[in-house]
Structures are given as structure tokens and as C-alpha cells.
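**Student:** Have a look at this prediction, sequence included:
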Amino acid sequence: VAFFDRPENSSGAICNRLSSDALAIQQMTGARLGIVCESIVMFGIGVVLGVFVSWQLTLIVLFYIVSLFVIAVMHIRWQARLNKRSDDILESASSVRPTFRLQYHVH
């Protein structure tokens, strides 16, 4: 029973989590999964064909692809940190205003 007393485990929070998780799974298994599989297969075939044509050029291209992948991962992490900061700032700004209004009305 103490499990449901915590705010993050309320019935509304659990229902919200279940619905958002189901939506995320539906989106992942839909078109995205097909696109990801297709991209991986096309990349593999391209690398194999590139090795047959010119293995030196393939190594150079793979270096740039890996570099772009690392940069993309760093950008995604940076964006996630910025989103978290902006959410924290908006949360603190929105909580200040009602507190000020309540203090204003009390006096």
C-alpha cells in the first residue's frame, strides 16, 4: 500500500506511463523499425560493394561515417541536456508566479 502513496506511483501516473509506453512501442515497431532495418542492410551492402571496388576509398568513407555518427550522438546528448535545463527553468519559473500571487493576496 505504501507503494501507491508516493506521487510518482499514483494511479494517474501509472496510467499515463502505460499509455505513453504503449505509444512509444507502437511507433517503434511501426515504420521506424522497417526504416532502421532497411538502412542497416543498405549500409552493409554498400560497405561490401565498396570493399570490392576500392578498399582504400571504403576506409576513408567509413572514417567519415563514424565521425558523423559520433558527432550526431554528441549533438543528441547536448540537446537532451538543453531540454532538461529548459524544463527545469520553466518549472521553477511557473512555480514562482503562483507563490507570489498567494503571498500578494494574503497581505
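**Tutor:** Great, that's in hand. Numbering: from 1, shown residues only.
**Student:** Report the rounded mean pLDDT for the top helix by length along the chain.
**Tutor:** In the chain, with assignment by DSSP state H, the single longest helix is helix 55-106. Summarised as a single mean, pLDDT over helix 55-106 is 82.
**Student:** cool, and stretch 18-27?
**Tutor:** Stretch 18-27 shows a mean pLDDT of 77.
**Student:** and that stretch, C-alpha only, in PDB?
**Tutor:** Extracted as PDB, the C-alpha positions of stretch 18-27 are listed here (Å, rounded to 0.1, in the frame of the first residue of the first chain):
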ATOM      1  CA  LEU A  18       1.400   2.800 -19.500                       C
ATOM      2  CA  SER A  19      -0.300   4.800 -22.300                       C
ATOM      3  CA  SER A  20       2.900   6.600 -23.200                       C
ATOM      4  CA  ASP A  21       5.000   3.400 -23.200                       C
ATOM      5  CA  ALA A  22       2.400   1.700 -25.400                       C
ATOM      6  CA  LEU A  23       2.500   4.600 -27.800                       C
ATOM      7  CA  ALA A  24       6.300   4.500 -27.900                       C
ATOM      8  CA  ILE A  25       6.300   0.800 -28.600                       C
ATOM      9  CA  GLN A  26       3.700   1.200 -31.300                       C
ATOM     10  CA  GLN A  27       5.800   3.900 -33.000                       C
END
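**Student:** hang on, the earlier thing: quick one: the longest helix of the chain to chain centroid distance?
**Tutor:** Taking C-alpha atoms, centre = their mean, to the nearest Å, the mean C-alpha location of helix 55-106 is offset from the chain mean by 10 Å.
**Student:** What is that helix packed up against?
**Tutor:** With contacts taken as 3 or more C-beta pairs under 8 Å, 6 or more residues apart in numbering; DSSP states H and E, helix 55-106 sits against helix 33-53. All C-beta spots, glycine's among them, are computed from the backbone N, C-alpha and C.
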